[in-house]
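**Student:** Just the structure for this:
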Amino acid sequence: MNKIINVLYALLTLVCVGSCTDSNIGSALADKKLFIVEDSSFVITGHSVPNPRLQARTSSQLLGVIRSEGYGTLSSDVVTQFMPVLLIDTVRTSAAAIDSCKLRLRIPATGGFTGDSLATMRLNVYRLKKQLPSPIYSDFDPTDYYDPDELLASVPYSPAAAELFSFTADGGATFINYRDVYVTLPVEVARDIFTEFKQNPATFSSPKLFAQFFPGLYITNSYGSGRVMNFTHTEIISYFRRTYKATDGSDSIVVANQTYLGATPEVLSDNIIHLDIDKKIQDMVDAGDAIIMAPAGYEVQVKFPIQEIIDAYLSGSDDDLSIVNALSMELPVEPIATEYKINPPDYLLMVKTSMKDQFIAGDSLTNNKDSFYAKYDPKTRKYVFSGMRDYVLNILKNKLGVADEEDINLTITPVDVTTYTNATASYYTTTTSTTTVTKIAPQVSKPAIAKIRFDKAKIKISFSKQFLF
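**Tutor:** Next up is the predicted model:
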């Protein structure tokens, strides 16, 4: 449907602020008429394609097994290297003073798992015996990287049994709850790290050098099913006795701890994902339904009607005074009934198909020219891709208004989006905040599924044009 809205008639009057004289009354302005043109008649089509192999681009670690009707069976294990601490106190303590060592796995208190919080499950931890390959993908086979006969630790785990903690961020503006799963490791792990730092501190100068000494861990679900948990922090902590001088000159011994290692975005970390898709979903895809599914499930390749959009703009633009104001797309989805109420992805990335692998491998952020992202709104059941104006302008300015195959063929895929919020507040004003996207990576944080309704999608371009008369 096309609609032309007569917005205003310019220069009906001239308003002067302060005093007006005959010399400054608007002789330089010409009469003109401004219109806003909106066109939402465009049609987008797409189909699902398998996306079984994800490149690891996040430190988020998914662990567990879940079987859900209407989704399928998902299992995920973890291999990870670690970022070493820059400084360990080797003066006031010793390797012999280290009492214990623990692996801490942290999940958000809300939304940190999918499935049954009480399901009986167990995890095993193994030490890697050689460095992980780079790049690394979700179909990685860890068989040659660990010894199954050398088990470091094994423990039952669940969100219900994890310890609940809280802290504030952004100067107290944000209150964060989380749960920690602790795994007791052999004390020799911490003592070996301590001794290496004392003898060869250069080992800790970079993740690459440290990985030669400590290649990392393999963490696997060894028993049970019914839940996957998203660990956002993975750390190795040393607990030890430290000696201080008391005020009377005597030695005072206190119990302390220090995080020696952490899995951070700077080091290799991979979710080893296996997904057996429910036959019902496979049948829907075979029948032509556009299914989006994560992790390592389906993405959707689309034909975006960018040439039709440009043609509509050019046909309505009679002179150089026309300006593209906005291009947006509303993309409705239909949730799919599943046993554990698996929701649509929180975010979708839409990127030129020819650039998708490059986008992921390069840790890119969207530029609204050839890549875009949208957040799911559970109230409207829609994703809204706004800010697509530069997509049109790039083709108009650099390709004479003629879109090529790269411009038309786009891929829509589920992603995890990491943001940073900077909050400011004062005694006299209310709290204000700005949010910045810092990372976009293939979704591995939790299972997700939905059916995209291209038949109800709405693409809209608006542009203004002026007529001088």
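**Student:** Could you use CA atoms for every contact and neighbour count after this?
**Tutor:** Will do.
**Student:** For Y260, give me its contacts.
**Tutor:** 84-85, 88, 190, 193, 235-238 (CA atoms under 8 Å, 6 or more residues apart in numbering).
**Student:** Let me see the contact set for A450.
**Tutor:** Taking CA under 8 Å, 6+ apart as the definition of contact, the neighbours of A450 are 291-293, 333-336, 343-345.
**Student:** Equivalent analysis for Q258, please.
**Tutor:** Applying CA under 8 Å, 6+ apart to Q258 gives the contacts 237-239.
**Student:** Give me the residue ranges of the stretch 101-250 of the chain where confidence is low.
**Tutor:** Low-confidence regions of the stretch 101-250 of the chain, defined by pLDDT under 70, span residues 166-176.
**Student:** Now do the strands in it.
**Tutor:** Listed from the start of the chain, the stretch 101-250 of the chain has strands (DSSP state E, counting those that start in this stretch) covering 113-115, 122-128, 146-156, 163-169, 174-185, 217-223, 227-231, 233-245.
**Student:** wait, what's in contact with the nearest residue to G226 once chain neighbours are set aside?
**Tutor:** For G226, the nearest residue in space outside its immediate sequence neighbours is I66; the separation is 4.5 Å by CA to CA, 6 or more residues apart in numbering. Taking CA under 8 Å, 6+ apart as the definition of contact, the neighbours of I66 are 73-75, 115, 225-228.
**Student:** Then I66 would be within a strand, right?
**Tutor:** Yes: according to DSSP: H, G, I helix; E, B strand; the rest coil, I66 belongs to a strand.
**Student:** and it, what pLDDT?
**Tutor:** Model confidence at I66, given as pLDDT, is 97.
**Student:** any idea how far S269 is from P135?
**Tutor:** 10 Å (CA to CA, to the nearest Å).
**Student:** Overlap of the contact sets of those two?
**Tutor:** Common neighbours of P135 and S269 are listed as A56 (criterion: CA under 8 Å, 6+ apart).
**Student:** more neighbours, the two?
**Tutor:** Residue environment comparison for P135 versus S269 gives the larger neighbour count to S269, 25 against 11, counting by other CA atoms under 10 Å.
**Student:** Dig out what the more buried one forms beta bridges with.
**Tutor:** As for beta bridges, S269 partners with T80 under DSSP bridges.
**Student:** between the contacts of A450, which is closest to K375?
**Tutor:** Distances from K375 to the contacts of A450, taken as CA to CA, are shortest for P345 (8.5 Å).
**Student:** Would you mind measuring from the closest one to V85?
**Tutor:** For P345, the distance to V85 equals 35 Å [CA to CA].
**Student:** So between the two, which is more surrounded?
**Tutor:** Shown here are P345 and V85; by other CA under 10 Å, P345 has more neighbours (24 against 16).
**Student:** ok, the nearest residue to that one once chain neighbours are set aside - how many residues close by?
**Tutor:** Sequence neighbours aside, A448 is the residue nearest to P345 in space, at 5.1 Å (criterion: CA to CA, 6+ apart). By the other CA under 10 Å criterion, the neighbourhood of A448 contains 23 residues.
**Student:** If I follow the layout properly, A448 ends up in contact with Y340?
**Tutor:** No: using CA atoms under 8 Å, A448 is not in contact with Y340, being 10.7 Å away.
**Student:** quick one: buried residues of the one helix or strand F463 maps to?
**Tutor:** Of the helices and strands defined by DSSP states H and E, F463 is found in strand 458-468. Under the neighbour-count criterion of 16 or more other CA atoms under 10 Å, strand 458-468 has 458-466 buried.
**Student:** Now do that strand: distance to the chain's middle.
**Tutor:** When distances are taken as CA atoms, centre = their mean, to the nearest Å, strand 458-468 is centred 34 Å away from the chain's centroid.
**Student:** any idea of the mean pLDDT for it?
**Tutor:** Per-residue scores along strand 458-468 average to 78.
**Student:** could we number from 119 for the rest of this?
**Tutor:** Shifting the count to begin at 119 puts that one at strand 576-586.
**Student:** Just list what that strand packs against, helices and strands only.
**Tutor:** The contact analysis (3 or more CA pairs under 8 Å, 6 or more residues apart in numbering; DSSP states H and E) places strand 576-586 against strand 150-157, strand 441-452.
**Student:** lowest-confidence stretch among these?
**Tutor:** When mean pLDDT is averaged over each of the helices and strands packed on strand 576-586, strand 150-157 scores lowest at a mean of 58.
**Student:** Helices of the stretch 419-568 of the chain, start to end?
**Tutor:** For the stretch 419-568 of the chain, the helices defined by DSSP state H, counting those that start in this stretch cover 424-433, 474-479, 507-516, 523-526.
**Student:** Next, the angle helix 424-433 makes with the lengthiest strand in the chain.
**Tutor:** With residue count as the measure and DSSP state E as the assignment, the chain has strand 527-542 as its longest strand. Between the axes of strand 527-542 and helix 424-433, defined by axes from the mean of the first three to the mean of the last three CA atoms, to 10 degrees, the angle is 80 degrees.
**Student:** returning to that earlier point: wait, which of the helices of the stretch 419-568 of the chain is closest to K363?
**Tutor:** With CA to CA as the yardstick, what comes closest out of these is helix 474-479 (52.0 Å).
**Student:** The closest one - contacts with which helices or strands?
**Tutor:** Partner elements for helix 474-479 (3+ CA pairs under 8 Å, 6+ apart): strand 550-560.
**Student:** Can you give me the buried ones in the strand it packs on?
**Tutor:** Neighbour counts using 16+ other CA under 10 Å place 557-560 of strand 550-560 among the buried residues.
**Student:** Can you tell me which of these comes closest to Y538?
**Tutor:** Nearest to Y538 out of these is K557 (CA to CA; 9.5 Å).
**Student:** Ignoring the adjacent residues along the chain, who's closest to the closest one?
**Tutor:** According to CA to CA, 6+ apart, the nearest residue to K557 is T536 (5.0 Å).
**Student:** Quick one: neighbours of that neighbour, just the number.
**Tutor:** The local packing of T536 (other CA under 10 Å) involves 12 other residues.
**Student:** same deal with G367?
**Tutor:** Residue neighbour count, defined by other CA under 10 Å, stands at 8 for G367.
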